[in-house]
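Visitor: Model the following, please.
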Amino acid sequence: MSEQQTLGAPSLTAVETSRPAGWGRWLVAACLLLLAVVPTVSFDSYHLFQFTMVVVYALAVLGLAILTGFNGQISLGHGAFYAIGAYTTAILMYNYDVPYWVTLPIAAVVCALVGFLIGLPALRLGGMYLALTTFALAVAVPQILKLNALQDLTGGVQGLTLDKPDPPFGLALTTDQWLYLFCLGVTVALYVVGWNLVRGRVGRAMMAIRDQAVAAEAMGINLSMLKTRTFAVSAMFTGIAGSLGAIVVAYVAPDSFNFLLSITLFVGLVAGGAASIPGTIVGAVFVEFVPNWAGDLSKAAPGAIYGALLIAMLFLMPAGAGGLLNTVWRRLGRR
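Guide: Numbers count the residues shown, from 1 in each chain. Below you'll find the predicted structure:
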């Protein structure tokens with residue numbers, strides 16, 4: 001059994017046969033409407049903030065899923081790309097008064113470029129070696145952000161405090177409501193891009209490399225170029241999530257992006273299902289809410305409760321929540 005299959009990645013055939021039926025589009029539209037309306041009218045500021053962070057983490061986990069779940073490159077360093085996106089937005093907003101929405105495409109370009117450069121040496125690595133290399137990146141980035149030479153830009157150890165943006169056009173919304181809808185809109189747009197990417201020719205080539213690299217190369221797929229581009233796209237998605245996270249939290253500091261963030265995103269990927277786009281949403285919910293639930297269940301040992309819940313979830317759903325969703329979806333599609 002390959003590494004990707006142990007993470008819940010289905011075979012190419014399974015992915016191709018799990019396309020939603022026509023009525024599924026109406027279900028997706030209904031869910032989007034529910035996501036857009038209910039949280040803005042039914043929750044207080046704190047719970048709305050939590051749901052906003054679910055949206056942000058879902059996009060970050062999606063970026064990791066594109067790389068690991070669909071292309072088979074294991075990364076334990078995506079917290080670094082999240083940090084780079086967050087700091088790009090924070091520096092532009094704090095030091096140069098750039099509008100928050102303008103910082104998103106800039107952060108996307110910066111993170112894509114960094115991801116592409118990281119992807120070049122990653123071509124010679126695989127499996128645990130690539131995982132350790134990306135983990136080293138996650139450990140190094142917070143230390144780089146603390147350097148005295150960069151303190152004027154990054155704020156050093158103290159970080160940067162931002163102002164939350166007001167709703168535009170005089171909309172009758174609170175700041176928290178507007179940020180939720182803004183993040184939801186950006187995330188939905190990128191989910192559409194990600195969905196079309198992995199279901200198109202490029203996605204099939206990515207999965208062919210994941211399943212059997214030698215056969216994929218024999219069929220004419222340029223492994224090195226596709227892997228580096230996948231790394232760049234993955235870093236871009238996660239970097240945009242970091243940018244959104246900086247705007248929502250209105251604060252960045254190096255210690256907020258330590259290596260535990262990368263591990264957290266990887267946990268979300270595994271819990272949701274490595275090669276399942278809907279599963280990334282479940283993974284984001286797990287990342288945001290399960291630690292809080294664990295703390296509520298046990299003040300003395302929340303880490304033990306969190307670990308037990310994670311083990312139980314993987315025991316009940318070995319392929320993650322996405323694997324379960326795919327199974328249910330296919331059975332409903334046959335009816």
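Visitor: first to last residue in stretch 70-85, what's the distance?
Guide: End-to-end distance of stretch 70-85 (CA to CA, to the nearest Å): 23 Å.
Visitor: quick check, distance from it to the centre of its chain.
Guide: Its chain's C-alpha centre and that of stretch 70-85 lie 9 Å apart, by CA atoms, centre = their mean, to the nearest Å.
Visitor: same question, stretch 80-95
Guide: 16 Å.
Visitor: Same check on stretch 189-199?
Guide: With CA atoms, centre = their mean, you get 13 Å for stretch 189-199.
Visitor: cool, and stretch 111-119?
Guide: 16 Å.
Visitor: mean confidence score for it?
Guide: For stretch 111-119, mean pLDDT is 93.
Visitor: Quick check: buried residues in stretch 81-99?
Guide: Buried residues in stretch 81-99, counted by 16 or more other CB atoms under 10 Å: 81-94. Backbone N, C-alpha and C define where each C-beta goes, glycine included.
Visitor: and what of stretch 29-45?
Guide: Neighbour count says stretch 29-45 has 35, 39-40, 43 buried, by 16+ other CB under 10 Å.
Visitor: can you give me the strands for the stretch 151-300 of the chain?
Guide: 160-161, 251-252 (DSSP state E, counting those that start in this stretch).
Visitor: With mean neighbour count and distance to Cys183 added, can I get the ones you listed in CSV?
Guide: Converted to CSV, the strands of the stretch 151-300 of the chain look like this (neighbours: other CB atoms under 10 Å; distance: least, CB to CB, whole Å):
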stretch, mean neighbour count, distance to Cys183
strand 160-161, 17, 20
strand 251-252, 20, 16
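Visitor: who touches Val248 in this structure?
Guide: Under the criterion of CB atoms under 8 Å, 6 or more residues apart in numbering, the neighbours of Val248 are 49, 52-53, 56, 179, 183.
Visitor: any chance of the strands of the stretch 151-300 of the chain in a markdown table, with mean pLDDT and distance to Gly170 too?
Guide: Output for the strands of the stretch 151-300 of the chain, formatted as a markdown table (pLDDT from 0 to 100; distance: least, CB to CB, whole Å):
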| stretch | mean pLDDT | distance to Gly170 |
| --- | --- | --- |
| strand 160-161 | 96 | 26 |
| strand 251-252 | 97 | 27 |
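Visitor: Determine which of the ones you listed approaches Ile240 most closely.
Guide: Among those, strand 251-252 comes nearest to Ile240, with 15.0 Å by CB to CB.
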